[in-house]
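**Student:** When you get a sec, could you give me coordinates for this:
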Amino acid sequence: MTVVARRVASTPTRTATQTWDKIVEILAPDPRSPARVELAKAAGVACSSISSEAIKDAPIVVWSGGPRVRVYGVFDEDAITGDGVNEDALSKSPTAGDWRMSIPCLPEDVKWSNGKLAAVSNRISARSLEDDIDDDQSESASAARSLTINAEEFLKP
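**Tutor:** Next up, the predicted model:
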């Protein structure tokens, strides 16, 4: 699996909201795209992750039919000097077509974050910053999310 990484300058250069806006711009460059709207709805959880610096070592991961995209945050002096920052546009939008995203967060925030994300998106989920997503997990998660169970039919006597 091909992996592309981006490292986005965050605090103190940008606020968490400005950092998320930059990440969204990289991942969904078309401002009128459905992905851009969906990512905007996930801003609260994403900004919480950015504020806690969870994305410093654990990336936001996006996968679809193309290369996997990992987005890290760059903080403190490195954000100011630009050391390690790479905010270049991607050759292809990873949010075109059938895509998924995993946002790292503090372990104690996983349940809350997933609850908030489930209310706004079926493509975006949260994971503990201690967990990673390997290639098999992302494909399995993508397949599992595509299944729909009709609870009314399932529960019929």
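**Student:** Residue 8 should be in a strand, yeah?
**Tutor:** Yes: assessed with DSSP: H, G, I helix; E, B strand; the rest coil, residue 8 lies in a strand.
**Student:** tally of neighbours for it?
**Tutor:** Counted with other C-beta atoms under 10 Å, the neighbours of residue 8 add up to 25. Placement of C-beta: from N, CA and C, glycine included.
**Student:** Would you quantify the distance from it to residue 67?
**Tutor:** Relative to residue 67, residue 8 is positioned 17 Å away (C-beta to C-beta, to the nearest Å).
**Student:** what does residue 60 give?
**Tutor:** Distance, residue 60 to residue 67, using C-beta to C-beta: 15 Å.
**Student:** next one: residue 33
**Tutor:** For residue 33, the distance to residue 67 - C-beta to C-beta - is 19 Å.
**Student:** Residue 121 too?
**Tutor:** 22 Å.
**Student:** And for residue 113?
**Tutor:** Applying C-beta to C-beta, the value for residue 113 to residue 67 is 25 Å.
**Student:** now swap in residue 114 and tell me
**Tutor:** 26 Å.
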